[in-house]
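# need a 3D model of the sequence below.
(one chain, ligands or ions: 1)
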Amino acid sequence: MLATVSKNFFLYVSQHKGLNKAARKWGLKFGAAQVVAGMTIEDAIHSVKELNDKGILCTLDHLGEFVSSTEEALLATEYNVRTLEAIGKAGVQSHLSVKMTQLGLDIDRDFCVKNMCQILDAAKRTNNFVRIDMEDYAHCQVTLDILRELREVYGFEHVGTVIQAYLHRALDDVRALKGIPLRLVKGAYKEDPSVAYQDKKEIDENYMTIIKEHLLSGSYTAIASHDHHIIAKVKKFAADNKIPRNQFEFQMLYGFREELQESLVNEGYNMRVYVPFGDDWFGYFMRRLAERPQNVGFALRGLFSKK
Ligand SMILES: Cc1cc2nc3c(=O)[nH]c(=O)nc-3n(C[C@H](O)[C@H](O)[C@H](O)COP(=O)(O)OP(=O)(O)OC[C@H]3O[C@@H](n4cnc5c(N)ncnc54)[C@H](O)[C@@H]3O)c2cc1C
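Have a look, this model is predicted:
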């Protein structure tokens, strides 16, 4: 009961525009520095280098979402281009993850696509890959439509997206996206029972269903989860079905289950860490607190620390 209340509370504040705006001025607070790699590109590249040294690949995420002005969206686009250039210049192993609402999806769809094309041009120049994060259900179909447009109309191949197992539509989407590199996740937003499973067991089952589907179709699959039960099942499924190690990778978030990350690397699996950075950290941090009430402890401790 208490867990549900705190989950709903954190999911609610994660989308609160006023708080998100205010938090940009605060600097990383409440222990957020444990899960956000810093405020600048330089901070982020430094963290990527440290992770690469441990054999861990990365994907950088310049934090930002639910942008409502064209100026902000253009700035975010420019920042993402600069991030790709910085990755190329530093010679580190990192992809880029972006959110369509950060690039102006809620302002104008075509404007958002244009911004994304600029980012994908930069990715092409720097020989990199860009993942479109999946946001709330209201943005799901349009995100998938944009992905198709980017690949089929504009001819960009180095772009993929994310499918959320809690959505009833997930298996159909995975089938429709056969051959496209996908990150598969359980899903992080609060969604209506009419479109999303609410029960953990059902979500976990659907998660394994879509993972198996994408792996068996021969498509590159990123399994993004901190759940050791899921990871163990994926390892066994891959071994039993002779799925080559270079056809999939595990992904986790920066600052989460670091020992497990390193042990997967030592076992010879591809491991990629999602490294968020930037001043728009609040919504991201609140969603992490919603997922795992235990994290509230470190947030509260952070309230009293200087970090
Ligand atoms: C790299 C990455 C990218 C993501 N991208 C998106 C996206 O684009 N869109 C989206 O909606 N969501 C995204 N997510 C979030 C995802 O949807 C889930 O909300 C989130 O990963 C929590 O689910 P889980 O599978 O990690 O495990 P959970 O279901 O949260 O946990 C299952 C079990 O795993 C263990 N466990 C979990 N976390 C920990 C921990 N920190 N320490 C110890 N044990 C733990 C516990 O036993 C727990 O009961 C992403 C997640 C990752 C890792």
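# near the ligand, which residues of the stretch 101-250 of the chain show up?
133-134, 162, 164, 185-189, 224-227 (CB under 6 Å from any ligand atom). (C-beta placed from N, C-alpha, C; glycine too.)
# quick one: end-to-end distance for stretch 217-233.
18 Å (CA to CA, to the nearest Å).
# re the thing from before, want to throw the residues of the stretch 101-250 of the chain next to the ligand into a markdown table with pLDDT and secondary structure?
Compiled in a markdown table, those are given as follows (pLDDT from 0 to 100; DSSP: H, G, I helix; E, B strand; the rest coil):
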| residue | pLDDT | secondary structure |
| --- | --- | --- |
| D133 | 97 | coil |
| M134 | 97 | coil |
| V162 | 98 | strand |
| Q164 | 98 | strand |
| V185 | 98 | strand |
| K186 | 97 | coil |
| G187 | 95 | coil |
| A188 | 88 | coil |
| Y189 | 87 | coil |
| A224 | 98 | strand |
| S225 | 97 | coil |
| H226 | 95 | coil |
| D227 | 96 | coil |
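# any weak-confidence spans in the stretch 51-200 of the chain?
Residue ranges of the stretch 51-200 of the chain with pLDDT under 70: none are present.
# okay, now the unreliable bits of the stretch 201-307 of the chain?
293-307.
# what's the burial count for F111?
For F111, the neighbour count with other CB atoms under 10 Å is 16.
# contacting residues for it?
Residues in contact with F111, defined by CB atoms under 8 Å, 6 or more residues apart in numbering, are T70, A73, G104.
# out of the residues of the stretch 101-250 of the chain next to the ligand, who has the most neighbours?
Busiest of those [other CB under 10 Å] is Q164, holding 26 neighbours.
# does that one touch V195 like I think?
No - look at Q164 against V195 with CB atoms under 8 Å: they stay out of range, at 10.3 Å.
# which residues in the stretch 151-300 of the chain form helices?
Under the criterion DSSP state H, counting those that start in this stretch, the stretch 151-300 of the chain carries helices at the ranges 170-176, 200-216, 228-240, 258-266, 282-291, 294-304.
# can you lay out those helices as JSON lines showing distance to T143 and mean neighbour count?
As requested, the helices of the stretch 151-300 of the chain are exported to JSON lines (distance: least, CB to CB, whole Å; neighbours: other CB atoms under 10 Å):
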{"stretch": "helix 170-176", "distance to T143": "10", "mean neighbour count": "17"}
{"stretch": "helix 200-216", "distance to T143": "17", "mean neighbour count": "18"}
{"stretch": "helix 228-240", "distance to T143": "24", "mean neighbour count": "15"}
{"stretch": "helix 258-266", "distance to T143": "27", "mean neighbour count": "15"}
{"stretch": "helix 282-291", "distance to T143": "17", "mean neighbour count": "22"}
{"stretch": "helix 294-304", "distance to T143": "27", "mean neighbour count": "14"}
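# same list (those helices) but as TSV, adding distance to T77.
Formatted as TSV, these follow (distance: least, CB to CB, whole Å):
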stretch	distance to T77
helix 170-176	26
helix 200-216	29
helix 228-240	34
helix 258-266	30
helix 282-291	19
helix 294-304	31
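# who does the longest helix along the chain touch, helix- and strand-wise?
Secondary structure of the chain read by DSSP state H shows that its longest helix is helix 70-90. On a contact count with 3 or more CB pairs under 8 Å, 6 or more residues apart in numbering; DSSP states H and E, helix 70-90 meets helix 41-53, strand 57-62, strand 94-98, helix 109-125.
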